[in-house]
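Undergrad: Got a predicted model here, sequence first, then my questions.
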Amino acid sequence: MTKEYKTITEISGPLIFVEKTEPVGYNELVEIRTHGELKRGQVLDTSDEIVVIQVFEGTGGLSKETSVSFTGDVIKMPLSPAIVGRVLSGSGRPRDGGPEIVPEVLRDIAGAAINPSSREKPRAFIQTGISTIDGTNTLVRGQKLPIFSGAGLPHNDVALQIARQAKALGEAESFAVIFCAMGITNEEAQHFLADFERTGALERAVVFLNLADDPAVERILTPRLGLTTAEYLAFDLDMHVLIIYTDMTNYCESLRQMGAAREEVPGRRGYPGYMYTDLAIQYERAGIIRGKKGSITQFPILTMPGDDITHPIPDLSGYITEGQIIVSRELHRKGIYPPIDIRPSLSRLMNSGIGKGHTREDHRAVSDQLYAYYAEGNDLRGLAAIVGKEALSERDKLVLEFADKFERRFVNQGRDEDRSIFETLQIGWDLLADLPEAMLTRVDDKFIKQYHPKYAGTAKK
Amino acid sequence: MEVGKVKRVAGPVVMATGLKSSMYDLVLVGEEGLMSEVIGISGNKHVIQVYEDTGGVRPGEPVKETGAPLVAQLGPGVLTSIYDGIQRPLTKLAEMSGDFISRGLFVDGIDHKKKWEFKPIVKKGDVVKPGQTIGEVQEQLLVKHKIMVPPKSKGGTVKEVYSGNFTVDETVLVLDDGTKLTMMQKWPVRQARPVVQKLAPTIPLRTGQRVVDGFFSLAKGGTAAIPGGFGTGKTVMQQTLSKWADVDIVIYVGCGERGNEMADLLHEFPELVDPRTGRPLMERSIVYANTSNMPVAAREASIYTGMTTAEYYRDMGYDCMMTADSTSRWAEAMRELGSRLEEMPGEEGYPAYLGARLADFYERAGRAEVMAGGQGSVSIVGAVSPPGGDFTEPVTQNTLRMVKVFWALDSKLTQRRHFPSINWLDSYSLYDQTLEPWFVENVSPDWNKNKRRAMAILQENAELEEIVMLVGSDALPEDQQITLEVARMIINFWLAQSAFHPVDTFCPYKKQFDLLAAILKYRDYAFEGLQKGMSVDQVKSVPSKDALAKVRLEAEYEPILAKVMAQMDAEFKALK
Ligand SMILES: Nc1ncnc2c1ncn2[C@@H]1O[C@H](COP(=O)(O)OP(=O)(O)OP(=O)(O)O)[C@@H](O)[C@H]1O
Ligand SMILES: [Mg+2]
């Protein structure tokens, strides 16, 4: 029987301070009972004199008379195959009126690090059906590829389209989806749930919902619960898991709030100095383990405060994830969907997932060439605005037109348009074919001879 | 040895009482005996950083002393190893605890059961000095491992020496004072290993990267920093250097970076072959993989452990290169641990000793006359990850005070997919002058002249581009239009180099020189042509110019280049 203490000395924001306790373990799960309600917390600092606890459900209603008991164990997530199809709260309790999960296993939500030498190199191409991803920022299984967006942009639609369309080439199996909402509005959450329901995805999904009006501290748990579930599905049950979490910005705000409550020395712009490590611990729980069938692919969504990519949240994320997909306000204003700006976007694992045996041998070259002229065309827009289009050289005019066509034909596509990688490459070639052949300096001649529309007919016997 | 008690646990930092340990001594914390290091002593309290996760550790649990600092185990078997930050072989950890790393595991840095054939090179009665080689072990097919008298031992007269197969624990030599030497040394990682004297860096470290070798070259024993925002190419550059640099031993320290990147490297290195030897790259490599989600204290230690192994192979007379990806994560580990100590923070929350620690680290690089006789070197290439890509932050600034080569990554180039995204105007190498004679002697008398010409063209190009942004390029005088075109060729055909192209990933010196010379040759033709009254469009549209773009992608480029240049000559002659 665990002992109960009524020795709270201080309540400060999300923290409580308790004294005269038995020796309490760092990170231990704490149960707090008040007015018949059970709240949970975690030990952040422990010493002979005082124990500091963060309370996930908020400290509202707590007083110095509240009783606190220590469970002697770290926080663990109950897991069983029955978790698939469930909707849970941000702290893992049923939110769909269903029963508690009867655990087959209990897993520490802190999650141990995957031994780097046990990792399998991710290289299975995932077709999302979106040209700006498949063609120029290819996703591979086991990757963590966030969407950097801004308030009011259609990042949720992009994420949903990916969740609907994502598949490995030549394989029928689909992803189990884990969806973690952190501080998003009820309306946004409903948008996701309705889409999952419409496509039948809910049956192979696990949903964790912490909404805008739920306690902010709870958000610190949500991705950990989602990822612990993901590891269970992937590495115990051999599933390919796609985990979407939104919005990481809210998660980071909770971290900042906790740091401030503990009066820590803040890092850049008030965020804790350990935010890099904290985010890494979440993001690094993606990947593939050698000898195991399953995989974890992550799609975190974050809105950049003030559309500023140098803000610590996107900045630290970008330093950890394997690339980023940038949703652009400018393209959105032009009415282009998905408004993905390929220039600052990047998929670092693209190389291992494309080319011969994965997509097609000319993929890299086509992508590089499209990038080069789209970027140059964009620069020329600035110039054309100053000196007028007429003052541009012939070559520059072609490049400028290329950039416009690229946005209209390659970037732009329907919300339900599921392009195959070959269709994507074809659009790319069609655009390149409008340029003189000598300008295709990044494409090997043998690919030009084989895939350039001008020769394609002759090449295909 | 004393046994103390845990008083307080806050994240990776533990306070304990009842200890006599000195600063930087290893201690074992808690019932599980978690590997830890003393990082502060105040009053009767010891402040301890724990190399493993501290979840569940309680006040009152024991803290055991070991009486020794964190040491690296040095001996045959270090090569090809994949370690965490405190030199625990990751493959061994996987055998013990499965695919996820669990806590409280002890593993030796090298295998103590394996037998190696020891061939002595000293005999009974010889006098041996500290650091002197006493024998050799064939560690890898092409790497001889020298067994040396530990630098801090006194040396003496050889009383017995054995040859044959031994483990690293078995005695291979006995000195007259009874000292027994084995094939293993232990060295405290935070201490530099001694050398006879440091030497000037006069030999370039060939990387096969045109922008590096051609413009901003690194010397053997030199130091380089490669700062850049996320995704600008630090890791790719370090991996590319690790593959192609003409050094004997590569120490790759993945310090607080991605697991999948390490998987990629561990997947590639055993398969790729060293162009100099034809043997798998792994045979000359030591990898430290302390990824961002592994404990921060071990991340902090990884730089020192890596450096110690690098110095050890240098002491055998090898040229070693250590890459650290990323030194910013190392600095952040210091910051994180420092803040838990409640130290007075310096700039941006970093500890006040940040600059001193960086200096100590880079000072351990160098070419040197080693105690075993002969020369060896440790070169360092450190990645820096400045927040927001802003180079004015403390880690970049403190690093630039120390290093001699600065490869400034530029996210504008990255967005254009110009790789390596090293900015050719901001970067520099302070070895420039010292290395020039080597290039003149070994590659071409024109090496430096051509380099300066190319750099001048790029400088002029930068100035012209500002004008172009205002008036368009057609408004420029003809010769300046050609300069723009030549600069574009230098940038796109020469500075750009894909790390992933099977041929272009590595470019030998001769090819670097020939390609640049060809572009400069085009410039001469073009200016001559203008003087003869040709139009800008005419000289810009010679087909041979575009053909030049692809020569770099050819392995046997010489006949192709010769053909292109002959064609160029003919085309200009035909223009009137
Ligand atoms: N030399 C190169 N050739 C071709 N592609 C490159 C080259 N350098 C970088 N890239 C491209 O840029 C991407 C990002 O590079 P890299 O991972 O090295 O960035 P980084 O600076 O290490 O970023 P971070 O700080 O986030 O780790 C690579 O995945 C690759 O697509
Ligand atoms: Mg990197």
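TA: That came through, no problem. Ligands and ions are numbered 1, 2, ... in the order given.

Undergrad: CA atoms only for stretch B:485-493 - export them in PDB, please.
TA: Only the C-alpha atoms of stretch B:485-493 are listed here, as PDB (Å, rounded to 0.1, in the frame of the first residue of the first chain):
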ATOM      1  CA  GLU B 485      28.900  33.900 -68.000                       C
ATOM      2  CA  VAL B 486      32.400  32.600 -66.900                       C
ATOM      3  CA  ALA B 487      31.500  33.000 -63.300                       C
ATOM      4  CA  ARG B 488      28.300  31.000 -63.900                       C
ATOM      5  CA  MET B 489      30.500  28.300 -65.400                       C
ATOM      6  CA  ILE B 490      32.900  28.300 -62.500                       C
ATOM      7  CA  ILE B 491      30.000  28.000 -60.100                       C
ATOM      8  CA  ASN B 492      27.900  25.400 -62.000                       C
ATOM      9  CA  PHE B 493      30.600  23.300 -63.700                       C
END
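
Undergrad: Show residues contacting that stretch.
TA: A:441, B:418, B:424, B:454, B:457-458, B:460-461, B:515-516, B:519-520, B:522-523, B:526, B:540, B:545, B:548-549, B:551-552 (C-beta atoms under 8 Å, 6 or more residues apart in numbering or on different chains). To be clear about C-beta, it is placed using only N, CA and C from the backbone, and glycine gets the same treatment.

Undergrad: Show me which of those residues are buried.
TA: Using 16 or more other C-beta atoms under 10 Å in any protein chain shown as the burial test, these include B:418, B:424, B:454, B:457-458, B:461, B:515-516, B:519-520, B:522-523, B:526, B:540, B:545, B:548-549, B:551-552 as buried.

Undergrad: from these, which ones fall inside helices?
TA: Applying DSSP state H to the buried ones among the contacts of stretch B:485-493, the entries found in helices are B:454, B:457-458, B:461, B:515-516, B:519-520, B:522-523, B:526, B:540, B:545.

Undergrad: I'd like to know which residues of the stretch 151-300 of chain A are adjacent to chain B.
TA: A:235, A:264-268, A:273-274, A:276-277, A:280-281, A:284-287, A:289-290, A:292 (C-beta under 8 Å from any C-beta of the partner chain).

Undergrad: do that again at 10 Å, thanks
TA: A:231, A:235, A:262, A:264-269, A:272-292 (C-beta under 10 Å from any C-beta of the partner chain).

Undergrad: Can you pull out the low-pLDDT segments for the stretch 151-300 of chain A?
TA: Low-confidence segments of the stretch 151-300 of chain A (pLDDT under 70): A:170-174.

Undergrad: Go through the residues of it and report the one nearest to ligand 2.
TA: Of all residues in the stretch 151-300 of chain A, the one sitting closest to ligand 2 is A:Ala280 (12.4 Å; C-beta to the ion).

Undergrad: Would you double-check that that residue falls in a helix?
TA: Yes. Counting by DSSP: H, G, I helix; E, B strand; the rest coil, A:Ala280 falls inside a helix.

Undergrad: Leaving out sequence neighbours, find the closest residue to the residue nearest the centre of chain B.
TA: Centroid-nearest residue in chain B, with C-alpha atoms, centre = their mean: B:Thr323, separated by 1.7 Å. Leaving aside its chain neighbours, B:Thr323 sits nearest to B:Gln238 (4.2 Å; criterion: C-beta to C-beta, 6 or more residues apart in numbering or on different chains).

Undergrad: For ChimeraX, write the select line for the buried members of the residues of the stretch 151-300 of chain A next to chain B.
TA: To isolate the buried subset of these in ChimeraX, counting by 16+ other C-beta under 10 Å, use the following:
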select /A:231,235,262,264,265,266,267,268,272,273,274,275,276,277,278,279,280,281,282,283,284,285,286,287,288,289
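
Undergrad: out of the residues of the stretch 151-300 of chain A next to chain B, who's near ligand 1?
TA: Contacts with ligand 1 are made by none of these, judged by C-beta under 6 Å from any ligand atom.

Undergrad: which residues sit in contact with the closest residue to A:Leu221 other than its chain neighbours?
TA: Leaving aside its chain neighbours, A:Leu221 sits nearest to A:Ser91 (5.2 Å; criterion: C-beta to C-beta, 6+ apart). Counting by C-beta atoms under 10 Å, 6 or more residues apart in numbering or on different chains, A:Ser91 touches A:39-40, A:56-57, A:75, A:208, A:210, A:214-215, A:217-222, A:225.

Undergrad: out of these, who has the most neighbours?
TA: A:Asn210 (31 neighbours; other C-beta atoms under 10 Å in any protein chain shown).

Undergrad: What does it show for phi and psi?
TA: Backbone geometry at A:Asn210, expressed as degrees, to the nearest 10, gives phi -120, psi 110.

Undergrad: From B:Glu139, how far off is B:Met307?
TA: With the distance defined as C-beta to C-beta, to the nearest Å, B:Met307 ends up 20 Å from B:Glu139.

Undergrad: more crowded one of those two?
TA: In this view B:Met307 and B:Glu139 are compared by other C-beta under 10 Å, and B:Met307 has more residues nearby, 27 against 20.

Undergrad: Which residue comes closest to that one once chain neighbours are left out?
TA: B:Arg364 (5.3 Å).

Undergrad: picking that back up, could you confirm the residue nearest to A:Leu221 falls within a strand?
TA: No. With three-state DSSP as the criterion, A:Ser91 is coil rather than part of a strand.

Undergrad: confidence score at B:Gly228?
TA: pLDDT, B:Gly228: 96.

Undergrad: Pull the number of nearby residues for it.
TA: Counted with other C-beta under 10 Å, B:Gly228 comes out at 28.

Undergrad: Assess the claim that the residue nearest to B:Met307 and B:Ala324 are in contact.
TA: No. Contact status for B:Arg364 versus B:Ala324: not in contact, 11.5 Å apart, counting by C-beta atoms under 10 Å.

Undergrad: For chain A, which residue occupies the most central location?
TA: Central residue of chain A (C-alpha atoms, centre = their mean): A:Pro300, at 1.4 Å.

Undergrad: contacting residues around the nearest residue to it once chain neighbours are set aside?
TA: In this structure, A:Pro300 finds its nearest non-sequential neighbour in A:Pro146, 4.3 Å apart by C-beta to C-beta, 6+ apart. Residues near A:Pro146 by C-beta under 10 Å, 6+ apart: A:245-246, A:248, A:283, A:298-302, A:314, A:317-318, A:320-326.

Undergrad: repeat that for 6 Å
TA: A:300, A:317, A:321, A:324 (C-beta atoms under 6 Å, 6 or more residues apart in numbering or on different chains).

Undergrad: gap between the last one and ligand 2?
TA: Put plainly, it is A:Gln324. According to C-beta to the ion, to the nearest Å, A:Gln324 stands 13 Å off from ligand 2.

Undergrad: That residue: neighbouring residues, count only.
TA: 24.

Undergrad: Tell me if I am right that it is in a strand.
TA: Yes. Membership of A:Gln324 in a strand is supported by three-state DSSP.

Undergrad: Kindly provide the distance from it to A:Ser345.
TA: Going from A:Gln324 to A:Ser345 by C-beta to C-beta gives 6 Å.
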